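S.K.: need the 3D shape of this:
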Amino acid sequence: MNKQTYSLIENYMLQCMRDAAHDKEHIYRVLYNALNIAQAENNVDYDVLITACLLHDVGRDEQFKNPKLDHAEVGGDMAYKFLIDIGFSDEFADKVKRCIITHRFRKSRPPESIEAKILFDADKLDVTGAMGIARTLMYKAGMGDPLYSVGEDGMPSNGEGDEQPSFFQEYNFKLKNLYDKFYTERGRQLAAGRKSTAKTFYDSLYAEVESAYKNGMGLLGEIIE
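M.R.: Reported below is the predicted structural model:
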């Protein structure tokens with residue numbers, strides 16, 4: 001891929017990115033992590049991989065406008081049309097599309113090609129560790145979700161088994177369960193190195209919240225008759 005083609009694809013991506021938690025810097029991190037992972041794999045088509053990384057979230061804005069849409073499906077179609085329009089072959093555009101539509105967690109549609117598996121792992125890597133915590137907090141804030149929910153006893157829930165959306169619920173439902181879902185060995189290694197950082201943050205935050213409620217409710221009970 002030459003610089004001119006790269007810039008053409010990059011500029012299309014930049015026109016599509018409007019989500020703070022899935023902004024252009026997320027795209028570049030996914031691309032750079034994908035290139036790291038690809039070094040440990042054989043027979044990688046770097047043109048397909050780079051293009052799929054750049055375009056994997058171009059459907060995000062459409063999903064934001066209509067939550068019933070799947071940004072991976074929409075993005076795959078958008079990428080395919082764009083690539084055909086600028087002169088790529090149907091075969092190339094289809095390979096990129098297949099990478100994009102399988103980059104989400106979907107048991108019914110796992111990634112198949114090595115490029116699709118690398119994209120999947122690189123994208124999930126950006127939800128691990130400190131970066132995953134930061135991005136989830138940004139996304140939850142944008143959606144108006146709280147850090148945690150409070151039970152009938154007035155104490156904060158740790159998020160386990162919660163149905164009400166919150167950061168603690170998202171951590172227990174998704175973030176802590178990512179680490180055994182990688183397809184490449186290099187992806188698993190990179191994710192494993194970040195796991196303790198995310199757990200420490202969650203444990204520390206929950207401990208601080210729980211302590212504030214326990215002490216504060218006790219003190220309030222002594223003052224309020």
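S.K.: contacts for stretch 85-98?
M.R.: 8, 45, 47-48, 51-52, 55, 76-77, 79-80, 83-84, 112-113, 115-116 (CB atoms under 8 Å, 6 or more residues apart in numbering). C-beta here means a position set from N, CA and C on the backbone, and glycine is covered the same way.
S.K.: list the buried ones in it?
M.R.: Judged by neighbour count using 16 or more other CB atoms under 10 Å, the buried positions of stretch 85-98 are Phe88, Phe92, Ala93, Lys95, Val96, Lys97, Arg98.
S.K.: sorry, back to before: of the contacts of stretch 85-98, select the buried ones using a ChimeraX command.
M.R.: Applying 16+ other CB under 10 Å to those leaves a buried subset, and the ChimeraX line that selects it is:
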select :45,47,48,51,52,55,76,77,79,80,83,113,115,116
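S.K.: take the contacts of stretch 85-98 and keep only those in helices.
M.R.: Mapping these onto helices (DSSP state H) picks out 8, 47-48, 51-52, 55, 76-77, 79-80, 83-84, 115-116.
S.K.: mind putting the residues you listed in TSV, distance to Ala40 included?
M.R.: Shown next, in TSV, are these (distance: CB to CB, whole Å):
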residue	distance to Ala40
Leu8	29
Asp47	19
Val48	17
Thr51	20
Ala52	18
Leu55	23
Gly76	26
Asp77	31
Ala79	26
Tyr80	29
Leu83	27
Ile84	32
Glu115	14
Ala116	16
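S.K.: list the buried residues of stretch 133-149.
M.R.: Ile133, Arg135, Thr136, Leu137, Tyr139, Lys140, Asp145, Leu147, Tyr148, Ser149.
S.K.: what is the host helix or strand of Met217 packed up against?
M.R.: Using DSSP states H and E, Met217 falls within helix 185-223. Contacts defined by 3 or more CB pairs under 8 Å, 6 or more residues apart in numbering; DSSP states H and E place helix 185-223 against helix 24-38, helix 114-125, helix 129-143, helix 167-173.
S.K.: buried ones in that helix?
M.R.: So helix 185-223, judged by 16+ other CB under 10 Å, has buried residues 186-188, 190-191, 194-195, 198, 201-202, 205-206, 209, 213.
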